[in-house]
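*Asks:* sequence first, predicted coordinates after that:
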Amino acid sequence: MIEKINTGYTSFELFHAFKEETYSFLLDSSMLSDKLGRYTFMGSRPFMVFKSKNQNITITENNITKSLIGNPFEILKELLAKYKTIDTYAIPFLGGAVGFFAYDMGHHIERLPRTAIDDVDIPDAWFGFYDSIVAVDHHSKDTYIIANGINKKAELALEELKTKLKGLSEMDLTNRPGVACSEIQSNFTKEGYMKAVQNIKDYIRSGDIYQANLTQRFKCYTEESAFNIYSRLRQLNPAPFACYINFGEGDILSSSPERFIKIQDRMIETRPIKGTMPRGNTVEEDKANKEALLSSEKDKSELLMIVDLERNDLGKVSKTGTVKVPELFYPEEYATVHHLVSTVTGEMREDLDTIDVIQAAFPGGSITGAPKIRSMEIIDELEPTQRNIYTGSIGYIGFNGRLDLNIAIRTIVMKEGTAYFQAGGGIVWDSDPELEYEETLHKAKALFRTLRNEL
């Protein structure tokens, strides 16, 4: 059941009605464009919660938790099949699973080493199953309340949403003053990161790989609420695949520019990013940086490798002859950087579903390298700590068979007063170790400013 309502609030203001509630989520198109960021979705209080760590899985429904051992992808597929609905509406997400796959879910797809330290202890996958949500169409300026009638009558669920939103009139919707975090620390020294870059170059010269994505993790301590930090992040670094999710053990604050997988009308789309240049301080400098990116053979070569990898991944789950590259080397502008983007598409095979597509392509090639499996082995060897949510994927898997997942970059994970975030880049045969280190700082600039309260 869907009902259009008038509220007079922005999508971010609407989320204030949910932010303090259990397992609240905001899939936030904080940067709007003609191509991306049309919809924002929000909700709270899922009727079921799925969580996995290694092969240990819990499913909580009606305050009863059931424990299982198995493959989380297969169990998630079974759960989604129970609530399958017909895809008949223009709004892409009408209810379903919202959450994340951590990078480490790759261990359930390929046999990979586990030598990096897991010092944060985040689930490998977490999804809340939401029956009733709010959707905002930024193109038409319309707001919709949606209920599927799974755990309660749809009419009752819609009335509860209306009551919740009416409560906004009594809430303070202004941002609270920010608080700077403690000193930000990395799990690499500069010299250590540059040495790891050189190690990857040695692997490339020996023929193991063509490129690998190397990252460093930062952390700091803060007394500020996760939501307050997110409100500043979306202001400093608006992005089409931003989100705020409370998953019980912590909070995710993402301002990702990159789509991992979208499925709509059984068409699959992935949009890998490779190539980064900082924004200029003047119009002239900014234009020059953009032109330098577009003419960079190194960046185009990196992206082309990943496009080939993604074509191969989509080819596993697409009808023969349907995989295409409608966009190659397309520039996109963000608050602190320019990026080079490509789009790869394919038509999904009739015998497969959304989870099959995720398994075929996860994790995204732009944040692993090529070949993917050997690159992931080298990443595990060289990065001191597990990536957890970083470079995994966050988003929704709809009961209607649609999905949209980001690549979890430009993403902060908050847990017990500590903020964790990472940044990295693709290393190729002619990479300059010092420039690669500096690129990670450019990519993390908005996150540094957010946590240091530097508006």
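*Replies:* Received the coordinates, thanks.

*Asks:* and the contacts of the longest helix anywhere in the chain?
*Replies:* Criterion DSSP state H: the longest helix present in the chain is helix 297-315. Contact partners of helix 297-315, identified using CB atoms under 8 Å, 6 or more residues apart in numbering, comprise 210-211, 268, 270, 272-276, 293, 323, 325, 328-329, 340, 342, 344-346, 360-361, 364-366, 370-372, 426, 428, 430. Placement of C-beta: from N, CA and C, glycine included.

*Asks:* for that helix, which positions count as buried?
*Replies:* 299-303, 305-307, 309-315 (16 or more other CB atoms under 10 Å).

*Asks:* partner strands of the helix or strand following that helix and their direction?
*Replies:* As assigned by DSSP states H and E, the chain's next helix or strand after helix 297-315 is strand 324-333. Its sheet considered, strand 324-333 pairs with strand 337-347 (antiparallel) by DSSP bridges.

*Asks:* now the strand it pairs with, how far from the centre of its chain.
*Replies:* Between the centre of strand 337-347 and the centre of its chain there are 15 Å (CA atoms, centre = their mean, to the nearest Å).

*Asks:* can you offset everything so residue one is 37?
*Replies:* Understood, numbering begins at 37; the last thing we discussed is strand 373-383.

*Asks:* any low-confidence regions in the chain?
*Replies:* By pLDDT under 70, the weakly predicted segments of the chain are 68-70.

*Asks:* quick one, helices of it?
*Replies:* Using DSSP H, helices in the chain cover 47-51, 108-118, 190-202, 226-241, 262-272, 319-330, 333-351, 390-397, 408-418, 469-479, 481-487.

*Asks:* can I get these in a markdown table with distance to Pro213?
*Replies:* Conversion of the helices of the chain to a markdown table gives the following (distance: least, CB to CB, whole Å):
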| stretch | distance to Pro213 |
| --- | --- |
| helix 47-51 | 18 |
| helix 108-118 | 41 |
| helix 190-202 | 27 |
| helix 226-241 | 33 |
| helix 262-272 | 9 |
| helix 319-330 | 31 |
| helix 333-351 | 40 |
| helix 390-397 | 41 |
| helix 408-418 | 39 |
| helix 469-479 | 27 |
| helix 481-487 | 14 |
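
*Asks:* which one, of the ones you listed, ends up nearest to Gly131?
*Replies:* Distance to Gly131, taken as CB to CB, is lowest for helix 190-202 among those, at 9.9 Å.

*Asks:* and the strands in the stretch 37-186 of the chain?
*Replies:* For the stretch 37-186 of the chain, the strands defined by DSSP state E, counting those that start in this stretch cover 38-41, 61-64, 75-79, 84-89, 92-97, 100-105, 132-137, 161-166, 168-173, 178-183.

*Asks:* using JSON lines, lay out the ones you listed together with distance to Pro213.
*Replies:* Shown next, in JSON lines, are those (distance: least, CB to CB, whole Å):
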{"stretch": "strand 38-41", "distance to Pro213": "32"}
{"stretch": "strand 61-64", "distance to Pro213": "22"}
{"stretch": "strand 75-79", "distance to Pro213": "25"}
{"stretch": "strand 84-89", "distance to Pro213": "33"}
{"stretch": "strand 92-97", "distance to Pro213": "36"}
{"stretch": "strand 100-105", "distance to Pro213": "39"}
{"stretch": "strand 132-137", "distance to Pro213": "30"}
{"stretch": "strand 161-166", "distance to Pro213": "31"}
{"stretch": "strand 168-173", "distance to Pro213": "27"}
{"stretch": "strand 178-183", "distance to Pro213": "29"}
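
*Asks:* indicate which one of those is closest to Ser291.
*Replies:* Using CB to CB, the nearest of the strands of the stretch 37-186 of the chain to Ser291 is strand 61-64, at 8.8 Å.

*Asks:* run through who's touching that closest one.
*Replies:* Contacts for strand 61-64 (CB under 8 Å, 6+ apart): 47-48, 51, 54-55, 75-80, 129, 134-135, 164, 166, 270, 278-282, 431-432.

*Asks:* can you show me the CA trace of that strand as PDB?
*Replies:* Below are the C-alpha coordinates for strand 61-64, written out as PDB (Å, rounded to 0.1, in the frame of the first residue of the first chain):
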ATOM      1  CA  PHE A  61      18.300   3.800   8.300                       C
ATOM      2  CA  LEU A  62      18.600   6.700   5.900                       C
ATOM      3  CA  LEU A  63      19.600   5.800   2.300                       C
ATOM      4  CA  ASP A  64      20.400   9.400   1.500                       C
END
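
*Asks:* report the buried residues of it.
*Replies:* Going by neighbour count (16+ other CB under 10 Å), the buried part of strand 61-64 is 61-64.

*Asks:* can you check stretch 470-482 too?
*Replies:* Buried-residue list, stretch 470-482, by 16+ other CB under 10 Å: 472-473, 475-476, 478-482.

*Asks:* residues contacting it, please?
*Replies:* Residues contacting stretch 470-482 (CB under 8 Å, 6+ apart): 226, 229-230, 233, 250-252, 254, 269, 272-273, 291, 312, 314, 371-373, 445-446, 457-461, 463, 484.

*Asks:* could you tell me the end-to-end distance of stretch 132-149?
*Replies:* 33 Å (CA to CA, to the nearest Å).

*Asks:* quick one: distance of that stretch to the chain centre.
*Replies:* The answer for stretch 132-149 is 13 Å, by CA atoms, centre = their mean.

*Asks:* list the buried ones in that stretch?
*Replies:* For stretch 132-149, burial by neighbour count (16+ other CB under 10 Å) applies to 132-145.

*Asks:* now render the residues you listed as TSV, adding distance to Leu439.
*Replies:* TSV is the format used below for those (distance: CB to CB, whole Å):
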residue	distance to Leu439
Gly132	8
Ala133	9
Val134	11
Gly135	12
Phe136	13
Phe137	11
Ala138	17
Tyr139	18
Asp140	20
Met141	15
Gly142	18
His143	21
His144	18
Ile145	17
